[in-house]
Structure formats: structure tokens, C-alpha cells
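Enquirer: pasting the sequence and the predicted coordinates here, then a few questions.
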Amino acid sequence: MPRRAPTEASQSRPDPDELFTDREPERDILRRVIEPVPTPPDMRKTFLTVFYGVGGVGKSALGVKARAIASQWQEVRLVSIDLDTSSWTVGSPFVTLASELVRALAEQGIPVTLSPFLLTLHPLYARPGSKTSTKRAHELGIDMIDKSAELAQQVPFVGLGLRIGRWIWDAERRRQVEIEVRALGLWPIERGGRIDLVDLESKVAQALFEDLRIFLRKHKKRHVRLVFDGFDRLQGYERRVDAQMRLQQILGFCVASTDRRSFDRLRVIVLSREKLRWDALYQRDWGECWQQYLLVGLTERDARAYLGRWHG
């Protein structure tokens, strides 16, 4: 059958489905990972699925395909975090990643309360370089969220997550959340009325785990799929307290949880230029919980289709 002449729009943005007509194995893997079926005990390696390969091999296109696959099931919530921009680097602070994850969860209809509450205690929400007390940092964080929610009314798409979560900052609700945070042992250490920031970040990681657990326990038919595209921007080669370390800590909590009926409905997809090296960095046998697939490049058929499209 003769190839249809590409339109001007298709020349400017090739269709990932046409570019990756030969990615059948990867598509089958994505479908098995995303489909709303609880993870059986003998398939624990599907908890974390990694696709890695050099730039331009089509990792982001697989992310697009993941969203298309997830859209087939109402019970699946696919939460996508795009790290493939210059604003993310090795050593990026965890609170920045946590804020992005909170926003992405809210946009997919997964309400979180514990982690955003703790994030408002971080001085990052105050003036740069200022040292604030616990109370003042909390007030500034709440003020920032209120102002952001007002802005969101003017820019609906950008502020969707903020608007969804704004209700938790009503005074009575804040008190209730604080009681819950303290009851779970998530209140950060204070020294002289100021927060230990390292401990606060650790507590935020635990709170994100608890937020996911609460959602999965409450919605027993819901499945959550987390997708991190461009994770190589965060991956360093030495152990340090940063976004990468805290993320693997959150996922480690999920893997180790005894609440299997909940967390067997959570899976994670990572798209990166390099395979994950968490075993070496964090001394945990992640190999029991993940599968990593190397994408070796465009096939001949893909390459010919791509070149033909751009030949003019």
C-alpha cells in the first residue's frame, strides 16, 4: 500500500505510534504493567519497570504510549512526572520532587494531605535565605498555597492540582491533619523552635508513602501507575541525601509494606538514559522488585519511516 503523503502537521511532529511500529515487545510489557490486575506473589518484579537507552531512542514515546494504554481502564490512575528538562539535575532537593509528585497526584484525582502539610513547614516556601521558625514557615507556606490557588483560577490547567488540594488548608482541617501527622509519628524534629530539615525531608517521604497507602486502602478497585520520564537527570553515582535517594526510599516503603492488598495495585515505570543502580547505592536487593529493559535504538523499519517523513 502506498504511503500517504505526510501533512505539514505530521512533518513537524511525527506520530509516536508510526515511529514505533516495531516496538511490540515493549508495548506488551507496558500493557502487562499498566493493566488493572493485582500483582501476584510470583510477579513482584513488575513493581518497578525500567526502560533505558541513549537519547533519541524513543523513551518519551513509550511514555506517551503508556498514557494511551492507561486510558483504556477507568480504574487506572496514571501519574506522569516529566523530569526531562534543564530544571532537574543530579542532587536536586527532594522537596522539589515531592512538590511535583503531590501536584501530579492531585491532577489525577488522588488527594493527598499529609505530605503537602509537611511541605508547608519547609523554609523553601519562605523568602530565599531566610531562617524561619516552625510557626512562621507554616504560615508562609499556607499563604503561598492560597495565593497560588488564586492564580490558578486565572490559569486553570497550571493550577489544577493546587485547586484540588486547597480545601485541606482551612483552619479546622489543618488542625485535624496535624493531629494525624503527629499520631503517625511524622512530625519533624525541632531544635530551638526550628525544624531539622533533613528529618523533615525524611518525614515527607514517609508521608507520601502514607498518602498512597490511604488512597489505595480507601479505593479498593483503583490502581495507581507512577511514570518518571527523564530520570537520568536525577541519577548520581554516589550515595547522597537528595531526590533520588528519597524516591527510592518511598518506593522501598511500598515494597516492604505488609499491606499487600493495597500495594499490589501500585506499579512504577522509569524512563531513563541509564539503568538504575540503586542496589549499589543503597544496599538493597532491588533486583527482586524490578525489571530493566535496554532499548538499543530504532529498528531499520523505524529509521526508514522517520527519514522518509522528513525527506520532504
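Expert: Arrived safely. Residues are numbered from 1 along each chain as shown.
Enquirer: the strands in the stretch 201-312 of the chain, which residues?
Expert: Along the stretch 201-312 of the chain, counting by DSSP state E, counting those that start in this stretch, strands occupy 223-229, 266-272, 290-294.
Enquirer: which parts of the stretch 101-250 of the chain are helices?
Expert: 114-119, 134-154, 160-165, 171-183, 197-218, 243-256 (DSSP state H, counting those that start in this stretch).
Enquirer: the first one: how far from the chain's middle?
Expert: This points to helix 114-119. 16 Å (CA atoms, centre = their mean, to the nearest Å).
Enquirer: could you list every helix and strand in contact with it?
Expert: On a contact count with 3 or more CB pairs under 8 Å, 6 or more residues apart in numbering; DSSP states H and E, helix 114-119 meets helix 94-107, helix 171-183, helix 197-218. Placement of C-beta: from N, CA and C, glycine included.
Enquirer: worst mean pLDDT among those helices?
Expert: For the helices and strands packed on helix 114-119, the weakest mean pLDDT is recorded on helix 171-183, namely a mean of 83.
Enquirer: report all helices and strands that that one contacts.
Expert: Contact analysis of helix 171-183 by 3+ CB pairs under 8 Å, 6+ apart lists helix 114-119 as its packing neighbours.
Enquirer: what does the helix it packs on contact?
Expert: Identification of contacts with helix 114-119 by CB atoms under 8 Å, 6 or more residues apart in numbering yields 95, 98-99, 102, 125, 141, 145, 165, 168, 174, 177-178, 180-181, 184, 186, 188, 200, 203-204, 207-208, 210-211, 214.
Enquirer: now do the contacts for the closest residue to Leu281 other than its chain neighbours.
Expert: Nearest-residue entry for Leu281: Arg239, 5.1 Å, with adjacent residues in sequence omitted and distances by CB to CB, 6 or more residues apart in numbering. The neighbours of Arg239, taking CB under 8 Å, 6+ apart as the test, are Met245, Leu281, Tyr282.
Enquirer: can you flag the buried ones in these?
Expert: Buried by 16 or more other CB atoms under 10 Å: Met245, Leu281, out of these.
Enquirer: let's have the contacts of Arg239 in TSV, adding distance to Asp28.
Expert: What follows is the contacts of Arg239, written out as TSV (distance: CB to CB, whole Å):
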residue	distance to Asp28
Met245	32
Leu281	30
Tyr282	30
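Enquirer: check what pLDDT Thr134 gets.
Expert: Predicted confidence (pLDDT) for Thr134: 45.
Enquirer: contacts only, for Ile179.
Expert: By CB under 8 Å, 6+ apart, the contact list for Ile179 is empty.
Enquirer: now do Leu184
Expert: Leu114, Gln206, Ala207, Glu210.
Enquirer: now do stretch 246-258: distance to the chain's middle.
Expert: With CA atoms, centre = their mean, you get 13 Å for stretch 246-258.
Enquirer: identify all contacting residues around it.
Expert: Counting by CB under 8 Å, 6+ apart, 44, 47-48, 94, 97-98, 201-202, 204-206, 208-209, 212-213, 228, 234, 263, 266, 268, 278, 282, 284, 286, 289 sit against stretch 246-258.
Enquirer: PyMOL command for the buried members of those?
Expert: Only the buried entries of the contacts of stretch 246-258 go into this PyMOL selection, using 16+ other CB under 10 Å:
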select buried, resi 47+48+94+97+98+201+202+204+205+206+208+209+212+213+228+234+263+266+268+278+286+289
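Enquirer: circling back to that earlier point, could I get the helices and strands packed on helix 114-119 as JSON lines with distance to Leu121?
Expert: Converted to JSON lines, the helices and strands packed on helix 114-119 look like this (distance: least, CB to CB, whole Å):
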{"stretch": "helix 94-107", "distance to Leu121": "10"}
{"stretch": "helix 171-183", "distance to Leu121": "10"}
{"stretch": "helix 197-218", "distance to Leu121": "6"}
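Enquirer: so which of these comes closest to Pro40?
Expert: Checking the helices and strands packed on helix 114-119 against Pro40 by CB to CB gives helix 197-218 as the closest, at 16.9 Å.
Enquirer: tell me the angle that closest one makes with helix 171-183.
Expert: Calculated by axes from the mean of the first three to the mean of the last three CA atoms, to 10 degrees, helix 197-218 forms an angle of 100 degrees with helix 171-183.
Enquirer: alpha carbons of helix 197-218, as CSV, please.
Expert: The C-alpha coordinates for helix 197-218 follow below in CSV (Å, rounded to 0.1, in the frame of the first residue of the first chain):
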residue,chain,number,x,y,z
LEU,A,197,15.4,20.0,57.6
VAL,A,198,17.0,16.6,57.0
ASP,A,199,14.5,15.0,59.3
LEU,A,200,11.7,16.9,57.7
GLU,A,201,12.6,15.6,54.2
SER,A,202,12.6,12.0,55.6
LYS,A,203,9.2,12.6,57.1
VAL,A,204,7.8,14.0,53.8
ALA,A,205,9.0,10.8,52.1
GLN,A,206,7.2,8.7,54.8
ALA,A,207,4.1,10.9,54.4
LEU,A,208,4.0,10.4,50.6
PHE,A,209,4.0,6.6,51.3
GLU,A,210,1.2,7.0,53.8
ASP,A,211,-0.8,9.2,51.4
LEU,A,212,-0.6,6.5,48.7
ARG,A,213,-1.5,3.8,51.3
ILE,A,214,-4.5,5.7,52.5
PHE,A,215,-5.8,6.2,48.9
LEU,A,216,-5.3,2.6,47.9
ARG,A,217,-6.9,1.3,51.1
LYS,A,218,-9.9,3.6,50.6
